[in-house]
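> Starting from these lines, generate the structure:
(chains A, B, C and D)
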2 protein chains.
Amino acid sequence: MRPTVHDIAAAAGVSLATVDRVLNQRPGVRLVTREKVEAAIRQIGYIRDVAAANLAKSRVYPLVFIVPTGDNSFMHGLRFEVHQATLRASIERTDIRIVEVPPFDVPALVTALNTLQGQDIAGVALVATDAPEVRTAVDRLVSERIPVITLVSDLTDSARHHYAGIDNIAAGRTAARLLGRFLGGREGDLTVLAGSMLVRDHRERLQGFSAVMAEEFPKLRLLPVLEGRDDPEQARSLVSKALSANKSIIGIYSLGAGNRGLIAALKAVRPERELTVVVHELTQHTRAALLDGTIDAVLNQDAGHEVRSAIRVMKATADGQAVIADQERIRLDIFLKDNLP
Amino acid sequence: MRPTVHDIAAAAGVSLATVDRVLNQRPGVRLVTREKVEAAIRQIGYIRDVAAANLAKSRVYPLVFIVPTGDNSFMHGLRFEVHQATLRASIERTDIRIVEVPPFDVPALVTALNTLQGQDIAGVALVATDAPEVRTAVDRLVSERIPVITLVSDLTDSARHHYAGIDNIAAGRTAARLLGRFLGGREGDLTVLAGSMLVRDHRERLQGFSAVMAEEFPKLRLLPVLEGRDDPEQARSLVSKALSANKSIIGIYSLGAGNRGLIAALKAVRPERELTVVVHELTQHTRAALLDGTIDAVLNQDAGHEVRSAIRVMKATADGQAVIADQERIRLDIFLKDNLP
DNA sequence: CTGTTAGCGCTTTCAA
DNA sequence: TTGAAAGCGCTAACAG
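Numbering: from 1, shown residues only, chains lettered A, B, ... in the order given. I've put the predicted structure just below:
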C-alpha cells in the first residue's frame, strides 16, 4: 500500500486537515508546522491519489476549445473530435465548451480569448493564428494561471504551456523527399498550394519543403505559392489556372486544407497530365483520391489524438501533474494507398 | 451532478447494498428486486464511477507481460517500455510482472502461459508465436475469464480479446510501394530478410509485400526469403552472402529485427553497390543508418504505445468497460530521414 | 434475501 | 493556527 495522508499526519504528528493545507499550499499553517509536514512527505515518499482528491472535491475541469469555422473537412473533423470528447465528459470529469471563430481572423480570435479572462476555466485549447495580438491575449491568460494549449498550429514566442500538433517543418521536409523520390530524377516545375501564410503551420511546412527541395532535388523548380484560404472552391480555381498556364508542372504539394477543390482540378486534367501529388490531411476526399491514384501520398495529423492529448495535458497542467511525454507527441502520419486506417 | 448509487437506491426503494449487488452481478437478490433495480438504473441513466469503485475496493490490476528475450534492439525497447509502465504502477493501480521466454520457442511460451492458470490475474499480454499449442493455452486462459492480449504479433484463430499491434499485411504492402516507387521503374532483384516464418507478423508482412510487388512492380523480382532469426550476426552473414552471390540485387526489404547485422553488411559493400533499402523498427542503429543514407525508409511500430494500449485494454476488459477504439489502433509509422522523432 | 455501517484517500466545513 | 468529523461514490463485512 502506498502511503496516504494518514501516514503523513501520523509521521508529522499533526491532523489530516493540516496535512491537506500543506499539500494544497493553503494558508493558516505555521512555518515550523509546514516544514515538519513537508519533511514527512518527502521522507515517506508520498504520492497523491488524484482520483481520490477529485472524488472528494467533486472536481470537474471546465475546458474551452476555440476552433475555426470553415467549410473544409479537416476542421470539420477537428470539431467532430472535440464533440466526441464531450460525450466522454462525465466520465473524464470535463466540461467542454466549444467556441467557434472565423478562420484566419485575428480580431475574432483575440476577442474570444479575452472573453475568457476571469472565468473559472481549467484550460483553453486554441487553433492559433500566428499574430502578436493573439500572443498578447494568450499570455494574459497564462499570467492568470490558466493552462493554454495551442492545437494544430502554434503561436510564436508565446507562453502557452504546450503545443498539441505535428512538427510542421519536418512535415514539409518529408513531403519534399517523398515527392522528389517518387519523381525519380525527372526535371520540371512544382506548384505549392497553401491555405494562408498567416498561420504558422503552413509557413513552416513551406519552409521545410523548400529547404529539402533546394538541397537535394535541384532539378525540381518551385513555382510561387498559391494561397487558397483552405477553401475548396478557391483551391480548384487556382490550381486549374496554374496547370493550364504551365505545362511543365509535374508535381504538386498541397500543404493546407480545401483539397476537395484540388482533387476536382486534378481530375479535370487527367489522364492527359501526369502529376505526382502529395497533400495534407486525410479526409473522405483525399482518401478516395489516394485510392484511385489521383494523389500519391497523404500526410496527416490525427485530430482525435490531438484533442485527447490536449485534454490530458490541460488537466495535468491544471493539477501541476506530469504527463507521459511520448504519449503526447503528435506524429506525422504518412498514408499511401496501402496503409489507410 | 450525474446520478449515483444513492439515486438508484432511492428510485428503486432498496438499500445501497442491494444496488451494489445488482451492479456487480452478485448473488443474493430476488429476481423481482433485481429487475426493479435494473429498471431504475436504466431509467435514471446511471454511469458507474470506476475511480470511486477502485478506491473503495483498493483495487490493483495484476498484469503479466510475456515477452521474448533476444539480443535485438526492438525487443530491448519493448522490455524497456514495459519497465517504464512499472514505474507508473502505483498511480495506475497496476502490478506488472514481466515473464521472459526464449524467442520463437513454442513450448516455453506454452509453459509460461499454463503457469498463469488459476492465478489471480487481471490480464496477460504476450508476444505470440503463432502455433496451435499456444492458441490452446491462450484459449484456456480466456475461458478462465482472464483478459488476454496479443502484442506485436497476433495469434491465428484464438479467442484473445485484443491485438495490440500494427496491421502487418498493410505494412508489407507499404514497404513494397515505397521500394517500388523509390526504385522508379528500374529492373532487378529484391531480397527479403525475415526473422522467422513462425511468427505471424513476419509472414503477413511478406505476404503483403509480395502481393503489391506482383501486382504493381513486375520488373522487380523477389529472391527467396532469408531467415535471420532476428539475430544481428545471422542477418549480417546471410545478407553478405546474398549480395556477393547476386549482382543484380537493387533493393532490400528487412521485415524483422536484427538490422544491426544488415546495416553492417550494407556498409561493407558501399559505395560500390547502390541499394534501396526499407527496414522495420526504429532503433539507434536503423536511425543512424537512415540519417547517413544507408537505408531509405524505416517502418515502425511504437512499442510505448503498444504497451500503454495493452494496459488500458486489459484494465478495461477486466472491468467490462469500453475503450476508445481510435486510441487503441496501433499505427504503422513511416520514417524518412526528415521526420525522425 | 436485504439493510446498516464503516471505510477507501482526500477535502472541507466548523469549532476550538 | 489547528483539529474533529462528515462526506465524495462506491464496496464489503456483518447483522438481521
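> Pull out the buried positions in the helix or strand hosting residue A:205.
Per DSSP states H and E, residue A:205 falls inside helix A:200-216. Within helix A:200-216, the residues that count as buried by 16 or more other CB atoms under 10 Å in any protein chain shown are A:200, A:201, A:202, A:203, A:204, A:205, A:206, A:208, A:209, A:210, A:212, A:213. Where you see a C-beta, it was placed from the backbone N, CA and C, and this is true even at glycine.
> Give the other helices and strands that it contacts.
Judged by 3 or more CB pairs under 8 Å, 6 or more residues apart in numbering or on different chains; DSSP states H and E, helix A:200-216 is in contact with helix A:168-183, strand A:188-194, strand A:220-222.
> Throw these into a markdown table and include mean pLDDT, distance to residue B:136 and mean neighbour count, thanks.
Formatted as a markdown table, the helices and strands packed on helix A:200-216 follow (pLDDT from 0 to 100; distance: least, CB to CB, whole Å; neighbours: other CB atoms under 10 Å in any protein chain shown):
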| stretch | mean pLDDT | distance to residue B:136 | mean neighbour count |
| --- | --- | --- | --- |
| helix A:168-183 | 98 | 45 | 24 |
| strand A:188-194 | 98 | 56 | 22 |
| strand A:220-222 | 97 | 57 | 17 |
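> burial measure for residue A:224, as a count.
Look at residue A:224: counted by other CB atoms under 10 Å in any protein chain shown, it has 8 neighbours.
> quick one: secondary structure of it?
coil (DSSP: H, G, I helix; E, B strand; the rest coil).
> could you measure it against chain B, distance?
23 Å (CB to the nearest CB, to the nearest Å).
> do residue A:200 as well
On the measure of CB to the nearest CB, residue A:200 and chain B end up 18 Å apart.
> isn't that residue right next to residue A:130, touching?
Yes - counting by CB atoms under 8 Å, residue A:200 does reach residue A:130; the two are 4.1 Å apart.
> what's the overlap in contacts for those two?
Contact criterion CB atoms under 8 Å, 6 or more residues apart in numbering or on different chains; residues shared by residue A:200 and residue A:130: A:153, A:154, A:155, A:156.
> Tabulate those in TSV, adding columns for distance to residue B:4.
What follows is the shared contacts of residue A:200 and residue A:130, written out as TSV (distance: CB to CB, whole Å):
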residue	distance to residue B:4
A:153	41
A:154	42
A:155	41
A:156	47
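> who wins for proximity to DNA strand C among the helices and strands packed on helix A:200-216?
helix A:168-183 (38.8 Å; CB to the nearest atom of the strand).
> any idea of the angle the closest one forms with strand A:188-194?
150 degrees (axes from the mean of the first three to the mean of the last three CA atoms, to 10 degrees).
> Specify the angle between helix A:168-183 and helix A:200-216 in degrees.
On the basis of the same axes, to 10 degrees, helix A:168-183 is oriented at 40 degrees to helix A:200-216.
> elements contacting helix A:168-183?
helix A:200-216, strand A:220-222, strand A:249-254, strand A:276-280, strand A:297-300, helix B:168-183.
> Export those to TSV and append columns for distance to residue A:48.
Below are these laid out as TSV (distance: least, CB to CB, whole Å):
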stretch	distance to residue A:48
helix A:200-216	37
strand A:220-222	54
strand A:249-254	48
strand A:276-280	41
strand A:297-300	37
helix B:168-183	42
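> For the ones you listed, give me TSV that also has distance to DNA strand C.
Formatted as TSV, the helices and strands packed on helix A:168-183 follow (distance: least, CB to the nearest atom of the strand, whole Å):
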stretch	distance to DNA strand C
helix A:200-216	38
strand A:220-222	56
strand A:249-254	49
strand A:276-280	43
strand A:297-300	40
helix B:168-183	43
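> among the shared contacts of residue A:200 and residue A:130, which two are most distant?
A:153 and A:156 (10.3 Å; CB to CB).
> With neighbour numbers in mind, choose between those two.
Neighbours were counted for residue A:153 and for residue A:156 using other CB under 10 Å; residue A:153 has more, 23 against 12.
> which residue packs closest to the more buried one, ignoring adjacent ones?
Leaving aside its sequence neighbours, residue A:153 sits nearest to residue A:201 (CB to CB, 6 or more residues apart in numbering or on different chains; 4.1 Å).
> Tell me the residues on chain A that lie near DNA strand C, please.
A:1, A:4-6, A:16-17, A:19-21, A:23-24, A:46, A:48-49, A:52-53, A:55-57 (CB under 7 Å from any atom of the strand).
> Of those residues, which fall within the contact range of DNA strand D?
Restricting the residues of chain A next to DNA strand C to contacts with DNA strand D (CB under 7 Å from any atom of the strand) yields A:16, A:17, A:21, A:52, A:55, A:56.
> Got a ChimeraX select line for the buried ones in those residues?
A single ChimeraX command selects the buried members of these (16+ other CB under 10 Å):
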select /A:21,55
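> which parts of the stretch 51-200 of chain A sit against chain B?
Within the stretch 51-200 of chain A, the positions adjacent to chain B are A:51-52, A:54-55, A:58, A:88, A:90-91, A:167, A:170-171, A:173-174, A:176-178, A:181-182, A:184-185 by CB under 8 Å from any CB of the partner chain.
> coming back round to it: list the neighbours of the helix holding residue A:205 that are in contact with it.
Contacts of helix A:200-216 (CB under 8 Å, 6+ apart): A:128, A:130, A:152-156, A:165-166, A:168-177, A:180, A:190, A:192, A:194-197, A:220, A:222, A:225, A:253, A:255-256, A:280, B:338.
> Overlap in contacts, residue A:153 and residue A:156.
A:130, A:200.
> in chain A, what residue is nearest chain B?
residue A:184 (3.0 Å; CB to the nearest CB).
> Contact partners for that residue?
B:181, B:182, B:184, B:185.
> Give the helix, strand or coil label for the last one.
Classification of residue B:185 into helix, strand or coil gives coil, according to three-state DSSP.
> thought it was touching residue B:250?
No - Residue B:185 lies out of contact with residue B:250 (CB under 8 Å); the separation is 11.5 Å.
> quick one, which of these two is more surrounded?
Counted by other CB under 10 Å, residue B:185 and residue B:250 do not tie: residue B:250 has more neighbours, with 18 against 10.
> so what's that one closest to, chain neighbours aside?
Residue B:250 sits nearest to residue B:188 (CB to CB, 6+ apart), 3.6 Å away.
> same check, this time on residue A:228
residue A:235 (3.8 Å).
> The one you found belongs to a helix?
Yes - assessed with three-state DSSP, residue A:235 lies in a helix.
> what's the distance between it and DNA strand C?
51 Å (CB to the nearest atom of the strand, to the nearest Å).
> what residues are up against that residue?
A:193, A:226, A:228, A:254, A:258, A:259, A:260, A:261, A:262, A:265.
> The residues you listed also near DNA strand D: which ones?
Applying CB under 7 Å from any atom of the strand to the contacts of residue A:235, none is adjacent to DNA strand D.
> Touching, residue A:135 and residue A:156? I think so.
Yes - using CB under 8 Å, residue A:135 is in contact with residue A:156, at 7.1 Å.
> got the residue ranges for the helices in the stretch 51-200 of chain A?
Ranges of helices within the stretch 51-200 of chain A are A:73-87, A:89-92, A:106-115, A:132-143, A:168-183, A:200-216, based on DSSP state H, counting those that start in this stretch.
> quick check: angle from the longest one to strand A:276-280?
Orientation check (the same axes, to 10 degrees): helix A:200-216 against strand A:276-280 gives 150 degrees.
> Other residues contacting the helix or strand containing residue A:264?
Using DSSP H and E, residue A:264 falls within helix A:259-269. Contact with helix A:259-269 is made by A:72-73, A:193, A:228, A:231-237, A:239-240, A:243-244, A:252, A:254, A:275, A:277, A:279-281, A:283, A:285-286, A:289, A:294-295, as judged by CB under 8 Å, 6+ apart.
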